[in-house]
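Engineer: prediction below, plus the sequence it came from.
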Amino acid sequence: MSRYQIFEERVRPNVDVDAEAHKFVAIDVETGEYEVDESEVEVTDRLVERCPDAEGRIWLRRVGYEHAHRLGALSNPKT
């Protein structure tokens with residue numbers, strides 16, 4: 001199962017995507033275990049504490065977005 005499938009099938013049904021869009025979700029890509037929190041450090045630490053083998057195979061994203069962070073400038077076609 002891909003990390004996107006894990007999010008769609010296991011996480012999305014259990015979170016309010018609109019209200020919690022800003023929160024981070026840490027997903028163990030092998031087991032599908034996950035945690036949700038406002039802090040990327042806390043969410044990762046909590047998942048590793050609960051599932052020590054998850055370390056090194058965690059995918060971090062925001063609940064309402066496909067990624068945790070965006071790097072680089074955004075282009076504005078109107079300028």
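Structural biologist: Received, thanks.
Engineer: now the helices for this protein?
Structural biologist: Here the chain has its helices, by DSSP state H, at 3-6, 40-50.
Engineer: just put the ones you listed in JSON lines and tack on distance to Leu60.
Structural biologist: Placement of C-beta: from N, CA and C, glycine included. JSON lines is the format used below for the helices of the chain (distance: least, Cβ to Cβ, whole Å):
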{"stretch": "helix 3-6", "distance to Leu60": "10"}
{"stretch": "helix 40-50", "distance to Leu60": "6"}
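Engineer: what is the burial count for the nearest residue to Glu66 once chain neighbours are set aside?
Structural biologist: Spatial nearest neighbour of Glu66, excluding adjacent residues (Cβ to Cβ, 6 or more residues apart in numbering): Tyr4 at 7.7 Å. Neighbour count for Tyr4, taken as other Cβ atoms under 10 Å: 12.
Engineer: also His67?
Structural biologist: 10.
Engineer: over to Glu33?
Structural biologist: Neighbour count of Glu33, defined by other Cβ under 10 Å: 17.
Engineer: what helices or strands is the worst-scoring helix or strand of the chain on mean pLDDT leaning on?
Structural biologist: Across the helices and strands of the chain, mean confidence by mean pLDDT, DSSP states H and E is lowest for helix 3-6: a mean of 90. Using 3 or more Cβ pairs under 8 Å, 6 or more residues apart in numbering; DSSP states H and E as the contact test, no helix or strand touches helix 3-6.
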